[in-house]
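K.L.:
I'll drop the sequence and a predicted model, then ask my questions.
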Amino acid sequence: MNNSRWKRFSNKNSFRFVPYMMGCDPDRETSIEIALALQEGGAEAIELGVPYSDPLADGPVIQRASQRCLENDVSLTDVLELAGAMRERGVSVPVIIFTYYNLLLQLGENRFFELAEKNGIDGVLVPDLPFEESAGLKKSCRDRDMAFISLVAPTTREERLKEIAQDADGFLYCISSMGVTGKRAAFAGNVKSFLANAQEQSRVPVLVGFGISSSSQAMQFAGVSDGYIVGSAIVEKIEALLPRFSQEQEREGAIREFKYFINQLVPAQPEKECNHAAENTADDIKAVSAGKTD
Amino acid sequence: MKTEQLPDNLGRYGRYGGKYVPETVMSALAELEAGFSEAKEDSEFLNLYLKELSSYSGRPTPLTFAEGLTKKGGGAKIFLKREDLNHTGAHKINNAIGQALLAVRMGKKKIIAETGAGQHGVAAATAAARYGLECRVFMGEEDIRRQELNVFRMKLLGAEVVPVYSGSRTLKDATNEAIREWVRTVEDTFYLIGSAVGPHPYPQIVKHFQKIIGEETSSQLKDITDQDPSCIIACVGGGSNAIGMFAPFIDSSIPLVGVEAGGKGTSTGFHAATMEKGTLGVIHGSMTRLLQTENGQIIEPYSVSAGLDYPGVGPEHAYLYESGRVAYESVTDEEALDALQTLCSEEGILCAIESAHAVAYALKAASKYTENEMMVICLSGRGDKDVHTLISRREGGSDE
């Protein structure tokens, strides 16, 4: 992949933090400020969610954010254009559009990619489009130097995991546990061996997501993954700050509080490198020479 | 037209069907596919299913000649396939028994189900009670309020009714929530889906367990006459009674008609006419036709009948619509309620409002045929559950 933002992403040797935010929640301007705060707080890429009436893979927090945005008629086109505005204001990390398939289908693949290219989108994640259904969209992404982000779960069988991981672009999204998005106290019992296996198979960085709401939770996975995704915890924080975002004199304070919250989500670096230096140096070299950093 | 080879190996009927679900449940769908294809080749399993349908649910259900209705229609002889006489009062039990036995065969101890009006919920809870399965039924909070009687029946049967507060709090959201719960508990739980919808292999499984309706009808007709019927009619929400009724006739040339809920009229925006007004889209894991906005947000449908009040339709129906093999028509609330009344007074049968849609279409179309021709209606369920709706419409003209 020639996309320079993905190159930078994969060349990082840190334990990557990738936040999810719902596009235009609560509005376009605030979303831009939130994205800038995420980047400043250490985000290595941003997942930009699109509101949907029937978000099958999402828990209550993201469902509520969807509902809020739908009350304002936010569409996939609006969120793509938001990404363009984020770019203009200085967001330079990869931006991934997180959309359910029906929204993309209605906009039309051609129109979607036209808008995605125009607005600086680097990746596409469709939570209800499994491997079997995604070949066409993946090719369309590759033709445009975008990454189609693939997901694997603790229930994904060995052969299938291998097939998905070896064909992954951008990063491999590993679902930490059974269920929908949202905070949780415990992860799947086999999560570490699952992640280690994914790391072994994957040609791109392996990120873990679903249910991670603190840096200490994330750090459990530092030895067996290359980064983590936080979604519902961030969306919930935004929800809590909504009354303050809506008042001019409170906005600045709200953004400051949001930044503080994000800092708490990002572990002190470079713990990962220390781990690696101690335990995994040989593996790292092997991984790099195997083209793992793409 | 041959449809025996459908769905294809990706679960597609033409461009419809497939598996549009989170990765977490893909392995469970693969397990289900394997479990089902083994079971359907196993004569012991088939015999158990048939034995339960006859000795427990009361099959075969009769094919009744409706003399009074025939007179009213003024044309074709009208026959009723009496699914209303099944245990629990509707065709839903055929599928619930089939899938529950499949769950047992696959070693699952827990089932979950979604329900709108509560008919499938009651059927699933019934099968769970009989086969010793733990059962949880997801039901929209709004429907729980409207369908108190069925909620109580499910509880009596030992099921837990889980209220759903998301979205519009009706069947669409109950189905979303059941799928979400399945994603969480997929390792030990069987999702017993109630209609011919959902990701592959569900539409195929539901058709398999409902096709007994059409098979019995076919052999019962042969006992009466050598002549083919001129029309076979069934109501369509998700489409399980219709696909079961149509199954053995799809490869014939007998005209088949699916009747959708026209609500207050398909030009009003208050209807559930997925074929006429829907467009290509994905709902509950399947590519099909559905009611949605231009941007792809799913629209809450409307019908006086809770069982037809669904924004999508089974993918095989979408395929049969597109290929032209089945004609899909719609009937309004008023027409369906009038037909329900006519069936009551002419035949002494109180049918479900869902089934009354098929009756209403038959009454409209009968005069196009001669008295030597036959029409068969799938009378999918009985109307006891609808008495509250009927009372409130008679008293105040309101919808609920």
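P.N.:
Looks like it came in fine. Numbering: from 1, shown residues only, chains lettered A, B, ... in the order given.
K.L.:
residues from chain A in reach of chain B?
P.N.:
A:52-54, A:56-57, A:59-60, A:63, A:67, A:70, A:75-77, A:100-107, A:127-133, A:151-157, A:160, A:175, A:178-180 (C-beta under 8 Å from any C-beta of the partner chain). (Glycine included, C-beta is placed from N, CA and C.)
K.L.:
From those residues, list the buried ones, please.
P.N.:
A:52-54, A:56-57, A:59, A:63, A:70, A:75-77, A:100-107, A:127-131, A:133, A:151-156, A:160, A:175, A:178-180 (16 or more other C-beta atoms under 10 Å in any protein chain shown).
K.L.:
So which of the residues of chain A next to chain B sit within helices?
P.N.:
A:60, A:63, A:67, A:70, A:76-77, A:101-107, A:160 (DSSP state H).
K.L.:
how about a markdown table for those residues, with distance to A:Gly227 and pLDDT added?
P.N.:
Formatted as a markdown table, those follow (distance: C-beta to C-beta, whole Å; pLDDT from 0 to 100):
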| residue | distance to A:Gly227 | pLDDT |
| --- | --- | --- |
| A:Pro60 | 25 | 94 |
| A:Gln63 | 25 | 95 |
| A:Gln67 | 29 | 95 |
| A:Leu70 | 30 | 97 |
| A:Leu76 | 26 | 98 |
| A:Thr77 | 30 | 98 |
| A:Tyr101 | 25 | 98 |
| A:Asn102 | 29 | 98 |
| A:Leu103 | 26 | 98 |
| A:Leu104 | 25 | 98 |
| A:Leu105 | 30 | 98 |
| A:Gln106 | 32 | 98 |
| A:Leu107 | 29 | 98 |
| A:Arg160 | 22 | 96 |
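K.L.:
Pick the one among those closest to chain B.
P.N.:
Chain B has its nearest neighbour among these in A:Gln106, at 3.4 Å by C-beta to the nearest C-beta.
K.L.:
My read is that that closest one contacts B:Glu294, right?
P.N.:
Yes: the criterion here is C-beta atoms under 8 Å, and A:Gln106 meets it with B:Glu294 at 6.9 Å.
K.L.:
residues from the stretch 201-350 of chain B in reach of chain A?
P.N.:
So the stretch 201-350 of chain B meets chain A at B:279-285, B:292, B:294-298 (C-beta under 8 Å from any C-beta).
K.L.:
Give me the most central residue, chain B.
P.N.:
B:Ser240 (3.3 Å; C-alpha atoms, centre = their mean).
K.L.:
can you tell me which residues contact that residue?
P.N.:
By C-beta atoms under 8 Å, 6 or more residues apart in numbering or on different chains, B:Ser240 lies in contact with B:His91, B:Lys92, B:Asn95, B:Gly194, B:Ser195, B:Ala196, B:Val206, B:Lys207, B:Gln210, B:Gly314.
K.L.:
Next: B:Ile298.
P.N.:
Contacts of B:Ile298 by C-beta under 8 Å, 6+ apart are A:Ser53, A:Asp54, A:Asn102, B:Lys172, B:Gly281, B:Ile283, B:Leu290, B:Leu291, B:Gln292, B:Pro311, B:Gly312.
K.L.:
Okay, helices next: where are they in the stretch 101-250 of chain B?
P.N.:
B:119-131, B:141-146, B:148-156, B:171-185, B:202-210, B:212-224, B:240-246 (DSSP state H, counting those that start in this stretch).
K.L.:
Oh, that last question was meant for chain A, not what I typed.
P.N.:
Going by DSSP H, chain A shows helices at A:4-11, A:28-40, A:60-71, A:76-88, A:101-107, A:109-118, A:135-143, A:158-165, A:191-201, A:215-219, A:232-245, A:248-265, A:271-275, A:281-289.
K.L.:
out of these, deepest packed?
P.N.:
helix A:101-107 (a mean of 22; mean count of other C-beta atoms under 10 Å in any protein chain shown).
K.L.:
And B:Ala117, how close does it get to B:Leu157?
P.N.:
16 Å (C-beta to C-beta, to the nearest Å).
K.L.:
A:Arg8 now?
P.N.:
Taking C-beta to C-beta, one finds A:Arg8 at 59 Å from B:Leu157.
K.L.:
For the nearest residue to B:Ala366 once chain neighbours are set aside, give me its contacts.
P.N.:
Nearest non-adjacent residue to B:Ala366, counting by C-beta to C-beta, 6 or more residues apart in numbering or on different chains: B:Gly73, 2.8 Å away. With contact set as C-beta under 8 Å, 6+ apart, B:Gly73 has these partners: B:Ala362, B:Leu363, B:Ala365, B:Ala366, B:Ser367, B:Met375.
K.L.:
Please look at the fourth one and B:Ala66 and confirm they touch.
P.N.:
It stands for B:Ala366. No: using C-beta under 8 Å, B:Ala366 makes no contact with B:Ala66, being 10.4 Å away.
K.L.:
what touches both of the two?
P.N.:
What both B:Ala366 and B:Ala66 touch, as defined by C-beta under 8 Å, 6+ apart, is the set B:Ile78.
K.L.:
Could you tell me which ranges of chain A sit under the pLDDT cut-off?
P.N.:
A:269-294 (pLDDT under 70).
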